[in-house]
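A.B. asks: Make a model of this:
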Amino acid sequence: YAIIGCISGAPTLFLVANVCWLLAAFRPDRDPGLTQLLNDLAWLTFTTQVPYLIAQSVLVALAIFFDDGTRPVFPKWVAYFNLAAAAAFIPAAFTALVTEGPLAWNGALSFWLKNLTIAVWIVAMTVVLAQAIYREGSKLVAANHNPMELKKGIDKAVQEIVKALQKASRPTKSSAEIAQ
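C.D. replies: Predicted structure coming up:
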């Protein structure tokens, strides 16, 4: 449940930040002080999501460390990698307290290190997750499960994902609509 909280908490804050930016831009004739206040509130909300990243990385590491099966889902190095990622996120947790320097929102540690770590984390976790999925599928085939039935299940899951994406998408008719 903790990882679900991490996964849902950060997007919620992200949406709150977007609402603040939308409110700031909605009435251009508004008092500039109010617009600045909404912008500041949006940035503070936007930059406070880092603790969720830290918690998520630590929880993934703990789950890997506590997986004491004969063949764990992820190798132990993935746990250490997640702990290193959590440590790299820590400087970005203080952006609301600093206005300039390496810990500011656009500083070397709070912005660049955090975003580079996120990019590397996404690539690394995608690779190890794909390997784990492949390994589990291979185990099922080795245990005499029908490979065609596995493929049908995968195809059905892909169809459901595509259907959900198509439902969420909005068709466009011109490049002007795309530019919005």
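
A.B. asks: helices and strands of the chain: which one bottoms out on pLDDT?
C.D. replies: Counting by mean pLDDT, DSSP states H and E, the chain has its least confident helix or strand at helix 175-179, which shows a mean of 73.

A.B. asks: So for the longest helix anywhere in the chain, mean pLDDT?
C.D. replies: For the chain, the longest helix by residue count, based on DSSP state H, is helix 114-142. Mean pLDDT, helix 114-142: 91.

A.B. asks: Can you name the next helix or strand after that helix?
C.D. replies: helix 147-168 (DSSP states H and E).

A.B. asks: So what touches that following helix?
C.D. replies: Gly137, Leu140, Val141 (C-beta atoms under 8 Å, 6 or more residues apart in numbering). Any C-beta I mention is one placed from the backbone N, CA and C, and that applies to glycine too.

A.B. asks: Export the residues you listed as a markdown table, with columns for distance to Phe81 and neighbour count.
C.D. replies: Formatted as a markdown table, the contacts of helix 147-168 follow (distance: C-beta to C-beta, whole Å; neighbours: other C-beta atoms under 10 Å):
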| residue | distance to Phe81 | neighbour count |
| --- | --- | --- |
| Gly137 | 24 | 16 |
| Leu140 | 27 | 14 |
| Val141 | 29 | 11 |
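
A.B. asks: what's the closest of the residues you listed to Trp21?
C.D. replies: Checking the contacts of helix 147-168 against Trp21 by C-beta to C-beta gives Gly137 as the nearest, at 43.2 Å.

A.B. asks: How about that closest one, nearest residue that isn't a chain neighbour?
C.D. replies: Leu150 (6.1 Å; C-beta to C-beta, 6 or more residues apart in numbering).
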